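*Asks:* Fold the following for me, if possible:
(chains A, B, C and D)
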Number of protein chains: 2
Amino acid sequence: MTPDPDRGVELLWRQEEGREPRPGLSVARIVRAAIELADAEGLEGLSMRKVADRLGFTTMSLYRHVPGRDQLVELMRDEVMGERPPDADRPSGWRAGLAAVARQALELRMRHPWLAEVRGTRHIPGPNAVAQYDRMLATLTGTALRPSEVIAVVGLIGRLVDAEALLIVETRREEQRSGVSEQEWWGSRDALYEQLNHYPTITRLWETGGWDHPEDSFEFGLRRLLDGIEVLIRERDENRDETCPECGNPLDPATSGRPRVYCSRACQQRAYRKRQKS
Amino acid sequence: MTPDPDRGVELLWRQEEGREPRPGLSVARIVRAAIELADAEGLEGLSMRKVADRLGFTTMSLYRHVPGRDQLVELMRDEVMGERPPDADRPSGWRAGLAAVARQALELRMRHPWLAEVRGTRHIPGPNAVAQYDRMLATLTGTALRPSEVIAVVGLIGRLVDAEALLIVETRREEQRSGVSEQEWWGSRDALYEQLNHYPTITRLWETGGWDHPEDSFEFGLRRLLDGIEVLIRERDENRDETCPECGNPLDPATSGRPRVYCSRACQQRAYRKRQKS
DNA sequence: CCTTCCTGTTTATGCTGTACACATAGTCGT
DNA sequence: ACGACTATGTGTACAGCATAAACAGGAAGG
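*Replies:* Got it, this is the predicted structure:
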């Protein structure tokens, strides 16, 4: 029933070992075909049957290489995360850096719309996902944020990107599926607008043109979020002295008055060992 | 193929007309049974068969009252949005107000986990959804935000709530489905951690205890977002004079120097009419 | 009384993921 | 060289899903 997670780790972190590709099926070939299919038809349109057909094999043959559909999606996920951007532009400063990785992540989801649709918890990260995660976390080193806050910020940005990407992707697909633009569609809902008239705030915002030139949802959200993060970073910067210089955790205020330098004996020892080395 | 949207409007905004409930099926009964089912088994576990079984009718009987599964979900959505909180606590100030509605929305998604899982675009809002939306928008009246910004902020908060709720809900369900807690599960991924050692930032954050006491994801995100919104509101407050007093849109800077009061003739007339009335 | 509509049923179609038994070919140990 | 074992692909089968289409009975209205 529940698939073996360790099998997942094995598959995701498998070494290709550069052996010449043998004929027949292989994990890599299956994943590639599945990505093509999902790019074209969305995650919902991805079925084991269609993948197999595309490769010229029977459905069940796939199960010799991949445990099941869910695991296949995990493999696809990590595969596309390996598509690196030119990498030339590594902006300096946490804010520019974070904004850059967020925009890159959004672009990736525009190239592979199904990526935003993947759901579920306990995703085992593959090498490419981890590298990406490490890069995101690295944008915040040098700030006075505590470790747990760095992690929370990166998670938050990730969730924003996913939410906005999903919005865009679903709208886009629905538009091309039905042939009706979003504007046209909502514009035809006369029966609905008749009801909306009775709601004061909506009516006022409507009359003052709030829906005439909407904000760019992603850029607006990103800016607000970065502003909010900046507030926290500034706050931490001001009391930088009150955090442990080794690990960034806050110092216990109970020790104030005494010469307090590190948050714990472990950190003190770590710092001592570092000093020894250099 | 594409369901008629106007039929959706009709269903969502139907008047019950207080007639005594006749025996047999009805939209309300179907929706109630479906909500119970989805509360217990999640959105994926919601099927027309199971709903019909629960009511003691055949599967196809449902289609006499509800166009299809998707529309049923829309009806369920609006139904639960009508569950109003005690309503006693209407905090003053945009920040407390926005935080309150965000937390209420999260709580609703804790009561009805499937609500966070609903996907898709072009959701026709029913009366309860619209009332909720109007309430959210209203928390920001009085600020100097432009109309389009008010809408963007409310959308952003909504997306944050959905993302965080989905995170919680999926984790919770997976934990009770598998009987393994999140901590236990990740703790057993030794094969994975061996790989993670090679990534510098992850390793450093790990060693400094970043994952030992994680932040509360929702509260952390909400605070950052509200801080970011506050930055924008302050900015708009400072140049309040440069926006149209009637609709809040920015004034055309080309008209500066001349006596510029409103952004357009329409707004000027609107304000004039208002002065006449009072 | 006959017709028409409303409501629920029956039957059937075409998808989906995947469990299981089988076939064939290649490899390894003796 | 030969039997056993393993890797790989196939065929069949099942349970579940949404829903289309034809049909049946009863209630209501002309």
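*Asks:* mind listing what A:Phe218 touches?
*Replies:* Counting by C-beta atoms under 8 Å, 6 or more residues apart in numbering or on different chains, A:Phe218 touches A:Leu106, A:Glu164, A:Ile168. C-beta: built from backbone N, CA, C; applies to glycine.
*Asks:* and it, backbone torsions?
*Replies:* Backbone torsions of A:Phe218, given as degrees, to the nearest 10, read phi -70, psi -50.
*Asks:* ok, now how distant is whichever residue of the stretch 51-200 of chain A sits closest to chain B from DNA strand C?
*Replies:* When scored by C-beta to the nearest C-beta, the stretch 51-200 of chain A has A:Pro147 as its residue closest to chain B, at 3.0 Å. Remark: distance between A:Pro147 and DNA strand C (C-beta to the nearest atom of the strand, to the nearest Å) = 37 Å.
*Asks:* Likewise for A:Glu10?
*Replies:* 17 Å.
*Asks:* Closest one of the contacts of A:Phe218 to B:Arg204?
*Replies:* A:Leu106 (27.1 Å; C-beta to C-beta).
*Asks:* and the strand or helix carrying that closest one, is it in reach of chain B?
*Replies:* A:Leu106 belongs to helix A:94-111 when assigned by DSSP states H and E. No - contact of helix A:94-111 with chain B (C-beta under 8 Å from any C-beta of the partner chain) is absent, the minimum separation being 12.1 Å.
*Asks:* Next, the angle from the helix or strand A:Ala129 falls within to helix A:94-111.
*Replies:* Using DSSP H and E, A:Ala129 sits within helix A:127-138. For helix A:127-138 against helix A:94-111, the angle by axes from the mean of the first three to the mean of the last three C-alpha atoms, to 10 degrees is 150 degrees.
*Asks:* rewinding a little: now render the contacts of A:Phe218 as TSV, adding neighbour count.
*Replies:* Formatted as TSV, those follow (neighbours: other C-beta atoms under 10 Å in any protein chain shown):
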residue	neighbour count
A:Leu106	19
A:Glu164	26
A:Ile168	17
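*Asks:* Now do the residue of chain A found nearest DNA strand D: how many residues are near it, please.
*Replies:* Among all residues of chain A, A:Gly24 sits closest to DNA strand D, at 2.8 Å; criterion: C-beta to the nearest atom of the strand. When neighbours are defined as other C-beta atoms under 10 Å in any protein chain shown, A:Gly24 has 11 of them.
*Asks:* One more: A:Asn239?
*Replies:* A:Asn239 - counted by other C-beta under 10 Å - has 11 other residues nearby.
*Asks:* what does A:Gly82 give?
*Replies:* That count, for A:Gly82 with other C-beta under 10 Å as the rule, works out to 12.
*Asks:* Spit out the contact partners of the closest residue in space to it that isn't next to it in sequence.
*Replies:* Closest residue to A:Gly82 apart from its sequence neighbours, by C-beta to C-beta, 6 or more residues apart in numbering or on different chains: A:Asn128 at 3.9 Å. A:Asn128 makes contact with A:Asp78, A:Glu79, A:Met81, A:Gly82, according to C-beta under 8 Å, 6+ apart.
*Asks:* Which members of the residues you listed are classed as buried?
*Replies:* A:Asp78, A:Glu79, A:Met81 (16 or more other C-beta atoms under 10 Å in any protein chain shown).
*Asks:* can you pull the contacts of the residue positioned nearest the centre of chain A?
*Replies:* When C-alpha atoms, centre = their mean is applied to chain A, the residue found nearest the centroid is A:Gly158 (3.9 Å). With contact set as C-beta under 8 Å, 6+ apart, A:Gly158 has these partners: A:Ala105, A:Met136.
*Asks:* which SS state does it fall under?
*Replies:* Of the three states, A:Gly158 takes helix under DSSP: H, G, I helix; E, B strand; the rest coil.
*Asks:* where are the low-confidence patches of the stretch 151-278 of chain A?
*Replies:* Within the stretch 151-278 of chain A, the set of residues satisfying pLDDT under 70 comprises A:241-278.
*Asks:* Just the buried positions in stretch A:217-231, please.
*Replies:* For stretch A:217-231, the neighbour count (16+ other C-beta under 10 Å) marks A:217-218, A:220-231 as buried.
*Asks:* Pop the domain breakdown of chain A in here.
*Replies:* Here the domain parsing of chain A from automatic domain parsing is A:5-81, A:87-235, A:241-277.
*Asks:* most packed of the ones you listed?
*Replies:* Counting by mean count of other C-beta atoms under 10 Å in any protein chain shown, domain A:87-235 has the highest mean neighbour count of the domains of chain A, with a mean of 18.
*Asks:* ok, back up a step: so which of the buried residues of stretch A:217-231 comes closest to B:Gly210?
*Replies:* Among the buried residues of stretch A:217-231, A:Ile229 lies closest to B:Gly210 (C-beta to C-beta), at 16.2 Å.
*Asks:* Now the phi/psi pair for the closest one, please.
*Replies:* Per-residue torsions, A:Ile229: phi -70, psi -40 (degrees, to the nearest 10).
*Asks:* ok, back up a step: who touches the nearest residue to the residue of the stretch 51-200 of chain A closest to chain B once chain neighbours are set aside in this structure?
*Replies:* Excluding the flanking residues, the one nearest A:Pro147 by C-beta to C-beta, 6+ apart is B:Gly210, at 3.0 Å. Counting by C-beta under 8 Å, 6+ apart, B:Gly210 makes contact with A:Arg146, A:Pro147, A:Ser148, A:Val150, A:Ile151.
*Asks:* Would you state the helices of the stretch 151-278 of chain A in chain order?
*Replies:* Taking DSSP state H, counting those that start in this stretch, the helices of the stretch 151-278 of chain A run over residues A:182-187, A:190-196, A:200-207, A:217-238, A:265-277.
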